[in-house]
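Undergrad: Structure, please.
(2 chains)
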Amino acid sequence: MAIHIVDRRLNPGSKSLENRQRFLRRAKALVQGAVKKSSQERDIKDVLEGGEVSVPIDGMDEPRFRREGGTRDMVLPGNKKFVEGDILPRPNPSGGKGRGAGEGDSEDAFRFVLSRDEFVDLFLDDLELPDLAKRKLAEVESHGIRRAGYSTSGSPANISISRTVSRALARRVALRRPSPEALAALEAELETCDEARRVEVLAEIEVLKAKIKRIPFIDPIDIRYRRFETVPKPVAQAVMFCLMDVSGSMTEHMKDLAKRFYMLLYVFLKRRYRHVEIVFIRHTDRAEEVDEQTFFHGPASGGTLVSSALQAMHEIVQTRFRPADWNIYAAQASDGDNSYSDGEVTGQLLTDKILPACQFFAYLEVGQEHGLSYEMPNSALWTLYEGLRANGAPLSMRKVNERSEIFPVFHDLFQRRGPQERAAP
Amino acid sequence: MSTPNQLLFQGADWDFHTLQRICDACEQVARDELGLDVYPNQIEVITAEQMLDAYSSVGMPLFYKHWSFGKHFAFQEASYRKGLMGLAYEIVINSSPCISYLMEENTATMQTLVIAHAAFGHNHFFKNNYLFKQWTDADGILDYLEFAKRYVTHCEERHGRLAVEHTLDAAHALMSHGIDRYPGKKSLDLRAEEKRAGRRRAHEESAFNDLWRTVPGTKVKTGAILDVERRRQLLGLPQENLLYFLEKTAPRLRPWQREILRIVRHIAQYFYPQSQTKVMNEGTATYVHYRIMSRLHQQGRLTDGNFLEFLQSHTNVVFQPEFDDPRYSGFNPYALGFAMMQDIERIVTNPEDEDREWFPDIAGKGDAMAVLRDVWANYRDESFISQFMSPHLMRQFRLFHLHDDPEDRSGILVDAIHNERGYRRLRRELARQYDVGFIDPNIEVVDVDLAGDRRLMLRHTVVKGAQLTEADTKRVLQHLADLWSYDVSLSEVDTAGTVLKEYVAHPRSLAAVA
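TA: Numbers count the residues shown, from 1 in each chain, chains lettered A, B, ... in the order given. Sure, this is the predicted structure:
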């Protein structure tokens, strides 16, 4: 009898992928809740990492007719001391119920692993770039070229040699162009053969030569050119400016809040753009561009001049990130202090230089832990920015005190909205 | 072909030639010494991920798409990754050719074990057991699954994913009540089934003429109220196959919904024998692999080391924890089945007086394989246990019977133990645990209110006071009402005829269903 042995390992796996997607779609609301919850517990750096989530089984179970209660008869193995007629006390209903009977035990929550992509998709599912940013995104396009097959005309520089030669070969074969070897063979025969044959061979050589002349090695109809076409290319790179006040009044807690916000923004931009750069600008009464470590942890002291940071950002944009080539996002975090005299300069810089270049500018006012955001008195910077907003500057601003507020605030800023609705101030 | 005394392999590594040698060696033992009769074998080597895939679609190589399979996959993958669960070494499919999946991680010894177990043990059982012969069509199942998958996809394209999902959800909820328990006249032919579905669709399409809609209808017969008996006879009541009843009589189902119910029903039916023969099926396969492996070792084709590796996993497989062990979760079908097969072998070849008294037909007959082959062909778990569980084995397992009556405040009664007075009662009770008639609740359609609001009436006959769980029952009835599209009521009636509880479900808006 024949036994077939088949190696199926090469077959594509993940046959269940579609079933899994269906499951996630069905459980979307539940899974999304679980994802948000688990992302709050996580270190914000790992927010992208996917991983295990736990979903309540309610609504995801498959009902069946099941029975419970009544008199039960069981046959069990391993009798040690019982004899017929013994009465055994019932196990404690609280302790024994769970696994004793083995009847319809339901898991009240069920844990499974989400891949990184699934996690991020669910995490950011109902967020989108604000309207302003999208409008700009459509405008800011450059053109690129892309290969698009072959054409019969073109510039000599674009001749596709391999394609041309292979077409020529096909044509020569089809038209039976005599091969050089055949000619050489006849010429060799010419050397050795007798007179009568010689005439024949000479005639044959003539015929072949004539035919070779008639059928060129490469004909103009063989020639093919590589064709290119231009395609509009959306700007696929973004730069994110993180501006932060690092003067003495900023506590570790405030920096932590800012960091979390920056990370979320990074994750979000990363999903939308192929390439995202980050520029860290910290400022006291003067601003400097620093690396991430210094930004969050480096010591600094001094007064507070917000305009210095905006000026630095403007200079960097001018020199390194042309707004035509880059989508520019900026998020500023501060406790709201600013020296009084700086207000006007800041406002000028922002409305004239920074905001026109940016897709999106968010101001995050971070407060003390356990403070209540609505009780915070309006700070100098807040008052200034609010004034600019009232004059129509496209600014987003929020106040945050607690870690747990970061995601809601972020969510609020980027929430998908209907066409009429606009982000609340 | 290797000579009988040559080692099949050394160490743990294997390649495809090794597998071929192993198969040939196993086949030789299975055919010549055990007299097994098997379907042609197809052995497929797969990865762990593919094994998980197969798990989540009830072990079948192809299946229609449904979210519940994705849920099982996610769940199993999580517990596998955490190391809570090992994967099965193999999955075997009752089809012709009989497909066995082997995991690539298995060692050569494990592959030999698995080939002997699945490709010969299970395979023989599938081909010869009367239940499988009666209820399943091994030749047609793969084609039918292919058809089912295509059909469901086709429906999704045509009628929308959500509508199909609702129908499948409802059908799955009723799956355990979509089985014919008594054989009809013809044997099942799934290939013809697929052709039939195709012909019916073609006919519907060709016969469609929009003009018929405009022809005035015939006058409704008035006053002709069918009498109850006649009505029930026309509807084929009482009917315990709920899916069948809905497929044939639900008034507002679309044709494609009926076809989906039919698919789910056929698949439930295909698995029906498996649930009734767990102990026997695993017992047979375990007994066969044990015999084949021992024989190969005897012939010098397995090294002692490999044989010890086999014995170790064999012992794990047939381990039966005792009732007070934290690992206890009911009888291990491998352990019980294997012990019974070995016990039968002992009774046939080397009986004691007690065995002669209990099993006069087979005791001392001498040819163990002939007796076993006959047993494998003609019994299911319930009849097998009630016939062949011997006092010797009951003592060995130290079985005892508990009777738990909630009315009895004092506690749980030990009703019988492994002694002369208890053997027959123990055996009867154990067999009953495997009786399908007792495993599924007995729910039937008893009547339809044709003259009134078309309410579908179901009855659950309560046995030994076990009533349906409320939450689940409501949700299943909701699905049932959605399919029936009128009210559905279920009454729980005990054996004396007293109604214990009543449920009523109203159909949700048709938009959600259709």
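Undergrad: Residue in chain B with the shortest distance to chain A?
TA: Distances from chain B to chain A, computed as CB to the nearest CB, single out B:Glu322 as the nearest residue at 2.5 Å. No exception for glycine: its C-beta is placed from N, CA and C like everyone else's.
Undergrad: got the end-to-end distance for stretch B:410-427?
TA: The first and final residues of stretch B:410-427 sit 26 Å from each other (CA to CA, to the nearest Å).
Undergrad: Report how many residues lie close to the residue of the stretch 51-200 of chain A found nearest chain B.
TA: Of all residues in the stretch 51-200 of chain A, A:Gly78 sits closest to chain B, at 2.5 Å by CB to the nearest CB. Neighbour count of A:Gly78, defined by other CB atoms under 10 Å in any protein chain shown: 15.
Undergrad: What is the burial count for B:Ser206?
TA: In terms of burial, B:Ser206 registers 8 neighbours under the definition other CB under 10 Å.
Undergrad: May I have the one helix or strand it maps to as PDB, with CA atoms only?
TA: Following DSSP states H and E, one finds B:Ser206 within helix B:190-207. Provided in PDB are the C-alpha atoms of helix B:190-207 (Å, rounded to 0.1, in the frame of the first residue of the first chain):
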ATOM      1  CA  LEU B 190     -21.200  13.900   0.900                       C
ATOM      2  CA  ARG B 191     -20.100  14.200  -2.700                       C
ATOM      3  CA  ALA B 192     -23.700  13.700  -3.900                       C
ATOM      4  CA  GLU B 193     -24.700  16.200  -1.200                       C
ATOM      5  CA  GLU B 194     -22.400  18.800  -2.800                       C
ATOM      6  CA  LYS B 195     -23.700  18.100  -6.300                       C
ATOM      7  CA  ARG B 196     -27.300  18.300  -5.000                       C
ATOM      8  CA  ALA B 197     -26.700  21.700  -3.500                       C
ATOM      9  CA  GLY B 198     -25.200  22.900  -6.800                       C
ATOM     10  CA  ARG B 199     -28.100  21.500  -8.900                       C
ATOM     11  CA  ARG B 200     -30.700  23.100  -6.600                       C
ATOM     12  CA  ARG B 201     -29.000  26.500  -6.900                       C
ATOM     13  CA  ALA B 202     -28.800  26.100 -10.700                       C
ATOM     14  CA  HIS B 203     -32.500  25.200 -10.800                       C
ATOM     15  CA  GLU B 204     -33.500  28.200  -8.700                       C
ATOM     16  CA  GLU B 205     -31.500  30.500 -11.000                       C
ATOM     17  CA  SER B 206     -32.900  29.000 -14.200                       C
ATOM     18  CA  ALA B 207     -36.400  28.800 -13.000                       C
END
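Undergrad: buried ones in stretch A:253-272?
TA: For stretch A:253-272, the buried set under the neighbour-count rule, 16 or more other CB atoms under 10 Å in any protein chain shown, comprises A:253-270, A:272.
Undergrad: who touches residue 333 in this structure?
TA: I went with chain A, as the question did not name one. Listed by CB atoms under 8 Å, 6 or more residues apart in numbering or on different chains, the contact set of A:Ala333 reads A:242-245, A:254, A:257-258, A:261-262, A:363-366.
Undergrad: Please refer instead to chain B.
TA: B:278-279, B:281-283.
Undergrad: at 10 Å instead, please
TA: Contacts for B:Pro333 were tallied using CB atoms under 10 Å, 6 or more residues apart in numbering or on different chains; they are B:277-283, B:286, B:381, B:434.
Undergrad: And the buried ones among these, selectable in PyMOL?
TA: Written as a PyMOL command, the selection of buried residues from the contacts of B:Pro333, which uses 16+ other CB under 10 Å, is:
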select buried, chain B and resi 277+278+279+280+281+282+283+286+381+434
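Undergrad: Kindly state the pLDDT recorded for A:Trp326?
TA: Among the per-residue scores, A:Trp326 holds a pLDDT of 79.
Undergrad: What parts of the stretch 151-300 of chain A come near chain B?
TA: Along the stretch 151-300 of chain A, not a single residue is adjacent to chain B under the rule CB under 10 Å from any CB of the partner chain.
Undergrad: what helix or strand is the one residue in the stretch 151-300 of chain A that gets nearest to chain B on?
TA: Closest approach between the stretch 151-300 of chain A and chain B, counting by CB to the nearest CB: A:Arg271, at 23.1 Å. A:Arg271 is located in helix A:252-272, with elements delineated by DSSP H and E.
Undergrad: lowest-confidence helix or strand of chain A?
TA: Of the helices and strands making up chain A, the lowest-confidence element is helix A:93-100, at a mean of 42, by mean pLDDT, DSSP states H and E.
Undergrad: Out of the contacts of A:Ala333, which is nearest to B:Arg201?
TA: Proximity of those to B:Arg201, judged by CB to CB, is greatest for A:Phe261, which lies at 58.3 Å.
Undergrad: Am I right that that closest one is in contact with A:Ala331?
TA: Yes: shown here, A:Phe261 and A:Ala331 form a contact pair, counting by CB atoms under 10 Å, at 6.4 Å.
Undergrad: so where is chain B shaky, pLDDT-wise?
TA: Along chain B, the parts satisfying pLDDT under 70 run over B:1-5, B:57-59, B:82-89, B:183-189, B:212-213, B:215-229, B:509-514.
Undergrad: try it again with 50
TA: Applying pLDDT under 50 to chain B flags the ranges B:1-2, B:220-223, B:511-514.
Undergrad: With the stretch 51-200 of chain A instead?
TA: Across the stretch 51-200 of chain A (using pLDDT under 50), the flagged ranges come out as A:94-107, A:131-132, A:134-136, A:138-140.
Undergrad: all helices of it, in order?
TA: Counting by DSSP state H, counting those that start in this stretch, one finds helices in the stretch 51-200 of chain A at the ranges A:93-100, A:116-123, A:131-139, A:161-174, A:180-192, A:195-214.
Undergrad: quick one: which of those helices is nearest B:His266?
TA: For B:His266, the closest of those is helix A:116-123, at 34.0 Å, according to CB to CB.
Undergrad: what's the spacing between that closest one and its chain's center?
TA: The gap between where helix A:116-123 is centred and where its chain is centred comes out at 10 Å by CA atoms, centre = their mean, to the nearest Å.
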